[in-house]
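> Quick one: sequence plus predicted model below, questions after.
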Amino acid sequence: MIERPRGTRDLDPAYLARHSFVESAFRRAAESFGYRQMLPPTFEPLELFHAKAGPGIEQEMYAFKDKAGRDLVLRPEFTAGVLRYYVNELRNAPKPIKLYSLGPVFRYEEPQHGRYREFWQFNCEILGGTPLDADAETTALAVLSVRAAGARRVETRIGHIGMLRAYLTVPKEVQGRILHALDKRDFPKLHQELDKAGQLDAEATLRDVIALRGGPEILKQASDLLGGVGGEAFEHLMRLSDRLPAYGIREGVIFDMGIIRGLAYYTGMVFQIHAPTLGAEDQIGGGGSYALAELFGGEPIFSTGFAIGMDRVVLASGAEGVAVPPPKLDAYVVPIGDAIRGKAFEITANLRGTGLKVDIDLVGRGPSKNLDYANAMGARWAVLVGDKELAKGNVALRNMETGEQREVAVAELASVLGMDKPLMGGVEFH
RNA sequence: GCCGGGAUGGGGUAGCCUGGUUAUCCUAGGGGACUGUGGAUCCCUUGACCCGAGUUCAAAUCUCGGUCCCGGCCCCA
């Protein structure tokens, strides 16, 4: 027996029912915001992620050489590929450019709850907007997307990395190490780095600032702590806070000055979305504004984006009991007797043509075993086709839930079956 | 990379501590009685000790290594 590679899954019909629901919710959300779909290749030059990734991150990629000796990597995320595409192909496109991507990405990490080596991401980027409008649009879309997918009990934590960058007037590399230590709450390391940079007097302030978490009032507190440095950042978040209700977002958002996402290319607003129902691995997505285009040889352009882990959203939406349309048959056709099999297939074809999900006996079983099979497949109706009824232009229609059976004219079959088709499960958008 | 708990037919399980008949039970799959109403019933049948070493007269059971799964740590673009 051949086993699956570690960290991979076989996505079964039951899982995919929910996964597809989440996927279409994401697509609808992004497209309702005017985003267009873009899909970079599944593998890219290693160099692309080398340019972007921080230290240690390379260890967690699926890197390999192809037959010509090129260094390649299975995409660990979408943003780099999308930005490469922008720099190569889209520099002269009308701004802003709004792109979304959805598909599997790959990371060589230890699997645990809700985390796999192949997993699905939903990714959105706005390139070339004005900061407030683009940041608000991005944040709003992220929140509305996960809500639409059925994860409604989520918390969005918004921070701003620009204020700390402004406060730490040290070389970029040193700054990066300090921010990383802050992000990890690694205070011994923080002390050490500040000491080396001759900035020890900032230590208490930094620790106090990143502990701030709450409503818009903490923005003022943070600003005071930093002695007015980074005032634009707080002003920005304040206006963002005022803007979100216009999108229908009035709760589940807090400000958290400890959200740092210690990666070198984040420049401004940053946020994370958490689902408390998920346990230890509760982050379902995050994003922020960043400067990447110049790393790939383009002009600087204001960029904001986010990525959401679809598998976590699938879990969260399941944990909240959101109903999804079950992958069930509308009808199963049971031919009774060889003579009418052709007619039964014809009836099946007509029903399929109306958009119903219809299957028919393919092994020549008797009525009893066929009803058994229809039951196992979760068919809502059994259509029993026999010559006795056919002589009158009818078939026997059996409700598989109640067991009631009656005769229906072949000509009316499609409309009768279509009538009680259950509504698509789902959640309203706001 | 690290720590803990696991792995028995397709699914769910008993047996393991205390080694010893043909590995338990439920469910599922295939065939038949049986081509007109039986979502049955009855009969037949398929099908498992994760892999590899070791201990032993004898290993599902004990020991070691590996693989994979489930949690957690590190990490999480």
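In hand now; what should we look at?
> Contact partners for the residue of chain A found nearest RNA strand B?
At 2.5 Å from RNA strand B, A:G386 is the closest residue in chain A, using C-beta to the nearest atom of the strand. Every residue, glycine included, has its C-beta placed from N, CA and C. Neighbouring residues of A:G386 by C-beta atoms under 8 Å, 6 or more residues apart in numbering: A:P335, A:I336, A:G337, A:I340, A:V395, A:A396.
> Could you pull up phi and psi at it?
phi -130, psi 160 (degrees, to the nearest 10).
> circling back: flag the least confident of the contacts of A:G386.
For the contacts of A:G386, the minimum pLDDT belongs to A:G337; the value there is 84.
> Which residues are in contact with that residue?
A:G337 neighbours (C-beta under 8 Å, 6+ apart): A:G386, A:D387.
> What residues does the stretch 151-300 of chain A have near RNA strand B?
Within reach of RNA strand B by C-beta under 7 Å from any atom of the strand, the stretch 151-300 of chain A has these residues: A:D183, A:K184, A:D186, A:R261, A:G262, A:L263, A:G279, A:A280, A:E281, A:Q283, A:G286.
> which residue sits closest to the last one in space, ignoring its chain neighbours?
Right, the one you point to is A:G286. A:Q272 (4.0 Å; C-beta to C-beta, 6 or more residues apart in numbering).
> Which strands and helices lie in contact with the host helix or strand of the one you found?
If you go by DSSP states H and E, A:Q272 is part of strand A:266-274. In terms of contacts (3 or more C-beta pairs under 8 Å, 6 or more residues apart in numbering; DSSP states H and E), strand A:266-274 is packed against helix A:131-148, strand A:155-160, helix A:161-167, helix A:231-243, strand A:283-290, strand A:303-309.
> Averaging pLDDT per element, find the lowest-scoring helix or strand in chain A.
Within chain A, no helix or strand scores below helix A:46-52, which has a mean of 84 by mean pLDDT, DSSP states H and E.
> touching RNA strand B at all, that helix?
Yes. Judged by C-beta under 7 Å from any atom of the strand, helix A:46-52 comes into contact with RNA strand B at A:F49, A:K52.
> quick one: secondary structure of the residue nearest to A:R406 when sequence neighbours are not counted?
Closest residue to A:R406 apart from its sequence neighbours, by C-beta to C-beta, 6+ apart: A:L397 at 6.0 Å. Secondary structure, DSSP: H, G, I helix; E, B strand; the rest coil: A:L397 is strand.
> A:G7 now?
coil.
> Isn't it up against A:P111?
Yes. Using C-beta atoms under 8 Å, A:G7 makes contact with A:P111 at a distance of 4.3 Å.
> which of the two has more neighbours?
A:G7 (17 against 13; other C-beta atoms under 10 Å).
> Got phi/psi on that one?
Torsion angles, degrees, to the nearest 10, at A:G7: phi 80, psi 0.
> what's near enough to touch it?
A:G7 touches A:E109, A:P111, A:Y116, A:R117, A:E118, counting by C-beta under 8 Å, 6+ apart.
> from memory the last one sits against A:T8, does it?
Yes. Counting by C-beta under 8 Å, A:E118 touches A:T8, with 5.1 Å between them.
> Tally up the residues packed near A:R250, please.
Neighbours of A:R250 (other C-beta under 10 Å): 9.
> Which stretches in the stretch 1-150 of chain A count as strands?
With strands called from DSSP state E, counting those that start in this stretch, the stretch 1-150 of chain A shows them at A:36-37, A:43-45, A:63-65, A:71-74, A:97-106, A:118-127.
> Go through those and find the least confident stretch.
strand A:63-65 (a mean of 88).
> near RNA strand B at all, that one?
No. Strand A:63-65 stays clear of RNA strand B (C-beta under 7 Å from any atom of the strand), getting no nearer than 10.0 Å.
> Pull out the buried positions in that strand.
Residues of strand A:63-65 classed as buried by neighbour count (16 or more other C-beta atoms under 10 Å): A:A63.
> And for that strand, what's in contact with it?
The contact list for strand A:63-65, computed with C-beta under 8 Å, 6+ apart, reads A:L46, A:D71, A:L72, A:V73.
> same thing with stretch A:264-271?
Residues outside stretch A:264-271 that contact it (C-beta under 8 Å, 6+ apart) are A:52, A:54, A:131, A:135, A:139, A:142, A:156-162, A:165, A:172, A:176, A:233, A:236-237, A:240, A:259-261, A:286-292, A:295, A:304, A:306.
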